[in-house]
Each structure stands twice: as structure tokens, then as C-alpha cells.
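Peer 1: coordinates only, sequence not included:
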């Protein structure tokens, strides 16, 4: 090839590269210009949205076919009464125990059975049927192997802490005295609970009111010592499930379908979790134009849209003398994990800007002025039920709509956080609980339906641990972009 030909080819390649780079530059400049125009037409001040809080409802990456299920049966002597028939009463204990084996197989690949009392003891597969017979809870008191005199429930919790990627089911009467819930004994319970919840696991408590025909031991007396009681015909027992919410819900669902579709007050459930928030409403675009007061949706120049794919904006014109309350409502079922204790307090991070220029096309970034006031709107104090609503009342605090200057455009950004977990589970189980101080008086009334000792206190301890592991959670961000007319 001649020297001239080589020079021509080099020149051609070079020229083409320059042209290609120029075209790319012009394209980028064009799209950048369009973006700037769109941003300007978006009619909003410059701000950075808070990032959604990561919500780990399923913290375990272990596949279902690798998980094991560990079932622990309380072998204390007071459990014996569940195994004996009580005429005229429904015995759920035997039926539930019989079904737990099949339920466990639906949850994990292998199932291991244990009893616990003074210590944890493995149970062979061919001995599981003994759990529903009185003899399982009997032993020679002189024997060193006797396991029915105590109920060290912290032992199964310790096992769950050590191998957190499995599912744990504990069957017990949860009958614990104050001495078992204080000082060193309390620390033995709390420490593994903290570890379990910190790893993203949850604790499901299923309470079942069953027939009972036996002796309830270790009821605290007014003076020192304890008393026993034999006249109870009904008494609740509890199935505690530790693991991912998926497995907890599966156990709950299976038990409900098989035994408690029409059980009424014979069945209670609560979920103890450090993540009672189901999701961020922005991520799945669950905020809609129907969430705001209908009068606003009918306002002049109303428009609802998601900006930058994540931020819902309500745009409208409104008169200064607007008298109706402006409310935004969200469904509790979109926010709260079913069965959990919910949220006892929320907060709103409020930011309000205004511009003397009301037409979006003419507003520049420097036209916006940030208001120093941040106490603007009210929010419902708590949310604990799937049927409840989270209600935000706008301009209901120190910044009133009627006190703003008319003839201006306002941009109001709200970032809504769940701040403190609730205590709904305490209320759920309250009627089944009796304290140490009231135990003897309660017993002397000769109840046929016996309550659980310190159940409310136990639930409070569980909630307290969950609260310690809870982090403030962003549940929604949204904006109002409005002209305030005379």
C-alpha cells in the first residue's frame, strides 16, 4: 500500500472518530437540556429525598430445603392436665401436638424433637406420641433424671440463638413466676432474645384455650411459698414459633385452617418483631390521588403524578379561606405487618418552600424560599390494626393554611417515619394474664378457666427487647405543590 493511501485511511478514521464523538456530545447535551427543562417544569425547589429504610422481613437466605425445625415440649408437671379429658370441654392440646409433626415437615427438611424442664432432652421419633399422655410428665422425684420440676424456657431460646437459620417451635404453658423474670433469670431470657431479633428473626406467639384436668403447681401465695389448684376446666397453652416471618405465618396458617376457623376466643395470636413495618409506600407506588381529601382532588388545576418515579406530588390551586380539613389517609394493611404490635408513634419531617412567582414555567431555583417553621401537620399517634388508617391532618399545627400569604406558590415536602413500636400484643393477651400479687386471690375465687401467670409481663419483656432493636423507619415521602389564591 502506498504512503498516500495509508495517510488517506488514517485521515478517514480520525475524521469519523471526531464526528462520532461530536454526535455523542450533541446527544448528551440535548438530553441534558431536556432534563433541565423537565426539572424546571416540574416546578419544585432543589432537595434530596431521604432514602427508604431497608426492611428485612425475610433475613434468612437459607433455602427451605436446607432448614431444620426444632420442636421443644415443656415437660413440667403442670402440663400434664392438658393430656387428660375434661367432660364437656374441647381438648385442643392433643390435636395440635398430633398435627405439629406434619406442620413441621411443611416448614423444613428435617425435624428434631426435645423436651425441656430443668434441661433439654432429645426425644426419639417413635416416642413423640408420649407427649400427649400423662406419663410423659411423671417421674420419680428421687431420680436425678427427673425433668418435670422446672420450666427453663430460656434454654430453647439459647438454642435458637446459636443456630438462627432454622425454625423453632416451643409448646409450653408459659407459667413463669416473678423470680423467673427478674435479675439473672431475666438476663438469661433477654440475651438470646436480643440476638434472635437483631438477626432479623421474629417470634410468633399462638395462644390456645384448651380443656384442662389436672393440677396447676407453683401458684404464688400472698405470703412466702406457693399453692396448687385442681378445679380448672380450661387453661391456655402456647405455641411459640421463632424464625422468619414466612415460617411463622405458615405454622399459624396451618393451625388456623385445621383447628381455629370458628374458635372465637379460644385462640389468640401476636407477632413480636423489631420490623413491624411491612413496606415503604413509595417503592410500590401505593400512594394514590385517592389518599388525599376528595375536595382537593376536585380543586382547580388538580394533578397527581410521580416525579422521578418515586415521589408522589399533589398539584392544585386552593383559596386561602379554604375551611375544610385537608387530610391524607393510608391503609394500615399497607403499612403494618399482620399480627405485630404495630407502631405507637410517628413523626413527620416537614419542609415548606414558597415562591412569589406562581407560574411554573417562570420559576427558577433561586425563586424558592425555605420556611424556617417545621411544625406543620398532625399525624395519628399510633397504628396497630390492619383495619385502622394512618391519618395526616395538614396545616393543623403552627403553620395554618389561612395564615400563609396568598398569591404565592408553595411546595410542601413530607417524609413520614415510624418512630416507636407499639404494644398491641400486650392488649391481645391481657385477659389471659394474672400477676404474682393477684394469683392467690384469683385462685380463691375458684375459677374454672385459669389464667397464665405473669403473661402480660412476659409479653412486655419480649416487646421491650424488640423495641431496643427497632430503627426509625421511613414509610412514605410525598409533596404538595399548590397555588394559594385570594
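Peer 2: Nice, thanks for sending it over. Predicted model only: the values in this text are computed from it and were never measured. Residues are numbered from 1 along each chain as shown.

Peer 1: so where do the strands sit in the stretch 201-350 of the chain?
Peer 2: 202-211, 216-220, 226-229, 234-243, 267-272, 303-307, 311-319, 326-331, 343-355 (DSSP state E, counting those that start in this stretch).

Peer 1: should've said the stretch 51-200 of the chain
Peer 2: Secondary structure of the stretch 51-200 of the chain by DSSP E, counting those that start in this stretch: the strands cover 68-74, 110-116, 120-123, 167-172.

Peer 1: got the strands of the stretch 201-350 of the chain as TSV, with mean pLDDT and distance to residue 123 columns?
Peer 2: In this view, the C-beta of every residue, glycine as well, is placed from N, C-alpha and C. Shown next, in TSV, are those (pLDDT from 0 to 100; distance: least, CB to CB, whole Å):
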stretch	mean pLDDT	distance to residue 123
strand 202-211	96	21
strand 216-220	95	22
strand 226-229	96	27
strand 234-243	97	17
strand 267-272	94	26
strand 303-307	96	56
strand 311-319	96	55
strand 326-331	96	45
strand 343-355	96	40
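
Peer 1: which stretch among those strands comes nearest residue 454?
Peer 2: Of all those, strand 216-220 sits nearest to residue 454, with 9.3 Å by CB to CB.

Peer 1: mind listing what the residue nearest the centre of the chain touches?
Peer 2: Residue closest to the average C-alpha location in the chain (CA atoms, centre = their mean): residue 276, at 1.5 Å. Taking CB atoms under 8 Å, 6 or more residues apart in numbering, we find residue 276 in contact with 336, 337, 340, 341, 342, 343, 418, 421, 422, 470.

Peer 1: do the same with residue 234
Peer 2: Contacts of residue 234 by CB under 8 Å, 6+ apart are 86, 89, 209, 210, 211, 212, 448, 449, 450.

Peer 1: again, only this time at 7 Å
Peer 2: 89, 209, 210, 211, 212, 448, 449 (CB atoms under 7 Å, 6 or more residues apart in numbering).

Peer 1: likewise residue 44?
Peer 2: Contacts of residue 44 by CB under 7 Å, 6+ apart are 411, 481.

Peer 1: burial of residue 48, as a residue count?
Peer 2: 5 (other CB atoms under 10 Å).

Peer 1: any chance of the strands of the stretch 201-350 of the chain in a markdown table, plus distance to residue 160?
Peer 2: Shown next, in a markdown table, are the strands of the stretch 201-350 of the chain (distance: least, CB to CB, whole Å):
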| stretch | distance to residue 160 |
| --- | --- |
| strand 202-211 | 9 |
| strand 216-220 | 25 |
| strand 226-229 | 29 |
| strand 234-243 | 5 |
| strand 267-272 | 13 |
| strand 303-307 | 42 |
| strand 311-319 | 41 |
| strand 326-331 | 33 |
| strand 343-355 | 26 |
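
Peer 1: quick one, which of these gets closest to residue 486.
Peer 2: strand 311-319 (7.1 Å).

Peer 1: got the contact list for the closest one?
Peer 2: 49, 287, 292, 296, 299-307, 477-485.

Peer 1: can you tell me which of the contacts of residue 276 is closest to residue 165?
Peer 2: residue 337 (20.6 Å).

Peer 1: let's see the pLDDT reported for the closest one.
Peer 2: Note on residue 337: pLDDT of 93.

Peer 1: just residue 323 next, same as before
Peer 2: The per-residue pLDDT reported for residue 323 equals 84.

Peer 1: what is the neighbour count of it?
Peer 2: Residues near residue 323, counting by other CB under 10 Å: 8.

Peer 1: how much space between it and residue 401?
Peer 2: Noted for residue 323: a distance of 9 Å to residue 401, by CB to CB, to the nearest Å.

Peer 1: ok, now residue 467?
Peer 2: Distance from residue 467 to residue 401, by CB to CB: 36 Å.

Peer 1: identify the bridge partners of residue 74.
Peer 2: Note on residue 74: beta-bridge partners by DSSP bridges are residue 116.

Peer 1: my guess is it meets residue 174, correct?
Peer 2: No - if you go by CB atoms under 7 Å, residue 74 and residue 174 don't touch, sitting 8.5 Å apart.

Peer 1: which residues in the protein form helices?
Peer 2: 3-41, 92-107, 154-162, 183-198, 245-259, 294-297, 424-429, 436-444, 455-469 (DSSP state H).

Peer 1: buried sites along the shortest one?
Peer 2: Meaning helix 294-297. Applying a neighbour-count criterion of 16 or more other CB atoms under 10 Å, one finds residue 296 buried in helix 294-297.

Peer 1: so what's residue 425 up against?
Peer 2: By CB under 7 Å, 6+ apart, the neighbours of residue 425 are 270, 272, 341, 459, 463.

Peer 1: how about these in a markdown table, adding neighbour count and distance to residue 202?
Peer 2: A markdown table is the format used below for those (neighbours: other CB atoms under 10 Å; distance: CB to CB, whole Å):
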| residue | neighbour count | distance to residue 202 |
| --- | --- | --- |
| 270 | 22 | 11 |
| 272 | 27 | 7 |
| 341 | 26 | 11 |
| 459 | 23 | 14 |
| 463 | 21 | 12 |
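
Peer 1: contacting residues for residue 283?
Peer 2: residue 52.

Peer 1: oh, I was asking about residue 468
Peer 2: Residue 468 touches residue 194, counting by CB under 7 Å, 6+ apart.

Peer 1: repeat that with 10 Å
Peer 2: 190, 193, 194, 197, 198, 274, 421 (CB atoms under 10 Å, 6 or more residues apart in numbering).

Peer 1: could you do residue 416 as well?
Peer 2: Per CB under 10 Å, 6+ apart, neighbours of residue 416: 280-281, 328, 330, 335, 346-350, 377, 379, 390, 392, 473-478.

Peer 1: show me how to select, in PyMOL, the buried members of the residues you listed.
Peer 2: Burial among those is assessed by 16+ other CB under 10 Å; the matching PyMOL selection reads:
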select buried, resi 280+281+328+330+335+346+348+350+377+379+390+392+473+474+475+476+477+478
